[in-house]
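[1] Structure of the sequence below:
(chains A and B)
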2 protein chains.
Amino acid sequence: MKAYKDMTREELFAEKEKLEAMYQDYKGQNLALNMSRGKPSASQLDLSKGMMDVLKSDSNLTCEDGTDCRNYGVLDGIPEAKRLLAGMIGAKPEQVIVYGNSSLNVMYDSVARCMYEGVLGGKPWALQGKVKFLCPVPGYDRHFGITEHFGVEMINVPMTPDGPDMDMVEKLVSEDPLVKGIWCVPKYTNPQGYVYSDETVRRFANLKPAAEDFRIFWDNAYCIHHLYNGEPAQILNILDECEKAGNPDMVYEFVSTSKVVFPGSGMAALAASTANVASIKKQMAVQTIGHDKVNQLRHVRFFGDNEGMEAHMKKHADLIRPKFEALISIMEEDLGGLDIAEWTNPKGGYFIGFDSMPGCAKEIVAKMKEAGVILTGAGATFPYHIDPQDRNIRLAPTFPTIDELKLASRVFTVCVRLVSAEKLLAEKA
Amino acid sequence: MKAYKDMTREELFAEKEKLEAMYQDYKGQNLALNMSRGKPSASQLDLSKGMMDVLKSDSNLTCEDGTDCRNYGVLDGIPEAKRLLAGMIGAKPEQVIVYGNSSLNVMYDSVARCMYEGVLGGKPWALQGKVKFLCPVPGYDRHFGITEHFGVEMINVPMTPDGPDMDMVEKLVSEDPLVKGIWCVPKYTNPQGYVYSDETVRRFANLKPAAEDFRIFWDNAYCIHHLYNGEPAQILNILDECEKAGNPDMVYEFVSTSKVVFPGSGMAALAASTANVASIKKQMAVQTIGHDKVNQLRHVRFFGDNEGMEAHMKKHADLIRPKFEALISIMEEDLGGLDIAEWTNPKGGYFIGFDSMPGCAKEIVAKMKEAGVILTGAGATFPYHIDPQDRNIRLAPTFPTIDELKLASRVFTVCVRLVSAEKLLAEKA
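    Next comes the predicted model:
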């Protein structure tokens, strides 16, 4: 297919007319599809059906240290749950605090604690002026939502296939004591599916922050969420690397079972140095009686160990890999050679990063909505919802069935082509 | 028995010698008993064994509005869980937000939100100077722990059998705009087991706070926790009364299933006016993906409805009433007429309030510990752990078995008598 920019005005106009007809046809179908959120599909959830049979009325509900999980007690998680969650990210069990259902909640609480109580006994961030976070972009909207909520100034840092632009990160972190944190999804980044290289992780661990209370917010959300079972990506263990670099306290790592078992009934965890864990537990002792220990026990008994969990993840991969492949092959087929879009080809995670021509993303998302297909809002992958080039769209292929997804993908490529053709026509006018 | 204060020095000395011998005898038994925390006993937890069989792998895990409880979604709780929790306190389901396992966490988050984000769009408490909370005393240590943590100044308000001293409450609340809140456990107060009278509730609802952003923190922890099934205490519905009084937004009410089912795996809720709920949900949308919906569904299916829950509470009552009665009858038997102590006789809740002679509580608790019986720390029932008269002790009879409890109670009365006798001897010296 000829690249749009090489088409004459007449060719482009004809293309636009054809696409307009296709688009109207889709609109006439009254579709109701959704490619907006990184949600597991019903068949993925069915993989964990057995969770509901793990604990019965005659089960022993005592965990390995003798605690009755039904009663009060245990602030930071039962030992076997700590071990399981630590195993997901290669941390030590004593580095782990187990929380409730939402890792977002753990991140929110962590930022709140830094803002209002300070880091390891230091001055609260909120009393130090307008503090800043570095935000690799495109990134995860809910991360940016937290820092925006707390009035933190967010600075865009460009993302590369090896991780954030580390020259820029090093410069900003070492020069400005008001830079207090950075949001990272190191493995299978949201939305691109990139994997931080070993060099990137080491450069993170070796940062020399101007602020003593600078923290890396390392959201390892997709640590075991591979699409290709034969070739799982590996990243270096940031806790270990920070320790080696003499920066043991510089990172808070987050992990959860949301996309492993049930997003609506999982457990999340924070992993950090001994000093961080001790300091956080002091605050937690005032905040809560403790999180759901019966559910912790249920998870551990369901998987047995981390090997059991990894075997389980392969079943997820088998269900979602065909969806990623279908969406990507449809984009290749319909958009290949047109020179109007780029997209990533992830080996794990839940998303595909898509870039249209500049100035087209909002219009594409709006057209999709009009045709009954919901995408993540344009701009959502940037702080303050401002995509400076209006071109990034996060595609989430996991939730629809494969047939729905294929249909939605076709509508998508038509919308991309139509909006691009209209844009180029307007430019040539 | 003769009152200690009417004894001669010699009589008292003989009494002390006798008690000292009894105490040494108990010490020799290497006891390990605990009357410190309001924990259900193992047999109470066994009442809810069936919870573990409610949801199975072939159960429909969809709630009544069609949401798959296993997946993401639903910030404020599934409809049937809202209804169940609302029913516990006579609230409307739309007044309720369902949270995770710990109502303490809900209270902590509520204070944090007021401190740093303000109430209904108002100026954050933290920016208004040294804000104050009224603390009915003796009260619940973990309430005071939260306000202490946030640097809130706590003002003691004396408790009466009808509730806090409302003359004092009205005066302080109406005169001082820095008074931002008050901690209340309206039904079966912790630790006395008192029940707020209708007049008290109405006076609360009709407060005229100097601070527009004043809030009553109404911890209805023991709303359905009656000891005597024939005569459950009733209190007025504070949400309704506040609305009638033209103060609909003035109260945050808290409730949980902790002592109904499993404290280690329950659900908590906040109930408040429409305006408060809308404002809180806005912040929650940034904070969390949502709480455990599968567990919400499990609770609803286990009880069916509020009648089912109340029937269940009667079984709890049958297990714990004998413990309250045993402890109280032992105190009557061993301490009656000695004029060295007073205690309450609750009709519900988890505690008995006990007052020794002034200046004796710490010593009694220490002596108990030495003999292997753990009590709640003396002073714990007051802000800053300071009991001005050093006389209040919170007794928690539910957790031990009845035999353990009887033994612990006997050790307790010996310690009370011994410390009182020593105190009086010292005074007569």
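
[2] Tell me how far the closest residue to residue A:62 other than its chain neighbours lies from residue B:42.
    Among residues not flanking residue A:62 along the chain, residue A:68 sits closest, at 5.6 Å (C-beta to C-beta, 6 or more residues apart in numbering or on different chains). (C-beta placed from N, C-alpha, C; glycine too.) According to C-beta to C-beta, to the nearest Å, residue A:68 and residue B:42 sit 7 Å apart.

[3] Those two: who's more crowded?
    Using other C-beta atoms under 10 Å in any protein chain shown as the criterion, residue A:68 and residue B:42 rank with residue A:68 on top: 21 against 12.

[4] The more buried one contacts residue B:45, doesn't it?
    Yes: with contact defined as C-beta atoms under 8 Å, residue A:68 counts as touching residue B:45 (6.9 Å).

[5] and the nearest residue to residue A:373 once chain neighbours are set aside, how many residues sit next to it?
    With C-beta to C-beta, 6+ apart as the criterion, residue A:373 has its nearest non-adjacent residue at 4.5 Å, and that residue is residue A:33. By other C-beta under 10 Å, 21 other residues sit near residue A:33.

[6] what do you get for residue A:212?
    Neighbours around residue A:212, by other C-beta under 10 Å: 12.

[7] Before we move on, what's the pLDDT of it?
    Looking at residue A:212, its pLDDT reads 97.

[8] contacting residues for it?
    Residues near residue A:212 by C-beta atoms under 8 Å, 6 or more residues apart in numbering or on different chains: A:119, A:122.

[9] Buried residues, the helix or strand harbouring residue A:416. List them.
    Assignment of secondary structure by DSSP states H and E places residue A:416 within helix A:402-428. Neighbour-count burial for helix A:402-428 flags A:402, A:404-425 (criterion: 16 or more other C-beta atoms under 10 Å in any protein chain shown).

[10] for residue A:17, helix, strand, or coil?
    helix (DSSP: H, G, I helix; E, B strand; the rest coil).

[11] Could you list every helix and strand in contact with the strand ranked longest in chain A?
    The single longest strand within chain A, with elements called by DSSP state E, is strand A:153-160. On a contact count with 3 or more C-beta pairs under 8 Å, 6 or more residues apart in numbering or on different chains; DSSP states H and E, strand A:153-160 meets strand A:132-137, helix A:141-149, helix A:166-175.

[12] quick revisit: helices and strands around the helix holding residue A:416, which ones?
    Using 3+ C-beta pairs under 8 Å, 6+ apart: helix A:402-428 touches helix A:9-27, strand A:33-35, helix A:306-335, strand A:352-356, helix A:361-370, strand A:373-375.

[13] average pLDDT across stretch A:388-406?
    The pLDDT scores in stretch A:388-406 average 97.

[14] Straight-line length of it, end to end?
    Using C-alpha to C-alpha, to the nearest Å, one end of stretch A:388-406 lies 30 Å from the other.

[15] and what of stretch A:393-403?
    21 Å.

[16] and what of stretch A:67-77?
    OK, stretch A:67-77 end separation, C-alpha to C-alpha: 11 Å.

[17] quick one: contacts of it?
    Identification of contacts with stretch A:67-77 by C-beta under 8 Å, 6+ apart yields A:61-63, A:78, A:82, A:85, A:96-99, A:267, A:269, A:277, A:281, A:284-285, A:288-291, A:293-294, A:296-297, B:37, B:39-40, B:42, B:45, B:48, B:258, B:262-265.

[18] out of these, which are inside strands?
    Among those, the residues falling in strands (DSSP E) are A:96-98, A:269.

[19] would you turn the residues you listed into JSON lines with neighbour count, distance to residue A:325 and pLDDT?
    Formatted as JSON lines, those follow (neighbours: other C-beta atoms under 10 Å in any protein chain shown; distance: C-beta to C-beta, whole Å; pLDDT from 0 to 100):
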{"residue": "A:96", "neighbour count": "25", "distance to residue A:325": "35", "pLDDT": "98"}
{"residue": "A:97", "neighbour count": "21", "distance to residue A:325": "38", "pLDDT": "98"}
{"residue": "A:98", "neighbour count": "28", "distance to residue A:325": "35", "pLDDT": "98"}
{"residue": "A:269", "neighbour count": "28", "distance to residue A:325": "32", "pLDDT": "98"}
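
[20] of these, closest to residue A:385?
    Nearest to residue A:385 among these is residue A:269, at 29.3 Å by C-beta to C-beta.

[21] ok, now which ones touch that closest one?
    A:77, A:82, A:85-86, A:96-99, A:103, A:106, A:254-256.

[22] ok, the ones in strands among the contacts of stretch A:67-77 vs chain B, which is closest?
    Nearest to chain B, judged by C-beta to the nearest C-beta, of these is residue A:98 at 11.8 Å.

[23] if I pick the closest one, what's in contact with it?
    A:76-78, A:81-82, A:85, A:267-269, A:291, A:296.

[24] Recalculate using a threshold of 7 Å.
    A:76-77, A:81-82, A:85, A:267, A:269, A:291, A:296 (C-beta atoms under 7 Å, 6 or more residues apart in numbering or on different chains).

[25] Output these in CSV, with distance to residue A:150 appended to each entry.
    Output for those, formatted as CSV (distance: C-beta to C-beta, whole Å):
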residue, distance to residue A:150
A:76, 24
A:77, 26
A:81, 29
A:82, 28
A:85, 26
A:267, 25
A:269, 22
A:291, 23
A:296, 29
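
[26] which element is residue A:393 on?
    Counting by DSSP H and E, residue A:393 is found in strand A:392-395.

[27] how distant is that strand from the center of its chain?
    Put simply, strand A:392-395 sits 13 Å off its chain's centre (C-alpha atoms, centre = their mean, to the nearest Å).

[28] Likewise for stretch A:208-219?
    On C-alpha atoms, centre = their mean, the centre of stretch A:208-219 falls 20 Å from the chain's centre.

[29] Tell me the spacing between residue A:273 and chain B.
    23 Å (C-beta to the nearest C-beta, to the nearest Å).

[30] so what's that residue up against?
    A:95, A:248-249.

[31] ok, so of these, who is nearest residue B:394?
    Nearest member of the contacts of residue A:273 to residue B:394, counting by C-beta to C-beta, is residue A:95, at 36.0 Å.

[32] Give me the nearest residue to the closest one, chain neighbours excluded.
    residue A:271 (4.7 Å).

[33] which strand residues sit across from that neighbour in the sheet?
    Beta-bridge pairing for residue A:271 (DSSP bridges): residue A:96, residue A:253.

[34] Residue A:154: neighbouring residues, count only.
    Neighbours of residue A:154 using other C-beta under 10 Å come to 20.

[35] Contacts for stretch A:130-138 next, please.
    A:125, A:144, A:147, A:152-159, A:164, A:169, A:172, A:176, A:178-184, A:191, A:353, A:381-383, A:392.

[36] cutoff 8 Å now
    A:115, A:125, A:143-144, A:147, A:151-159, A:163-164, A:169, A:172-173, A:176, A:178-184, A:189, A:191-192, A:353, A:381-383, A:387, A:392, A:394.
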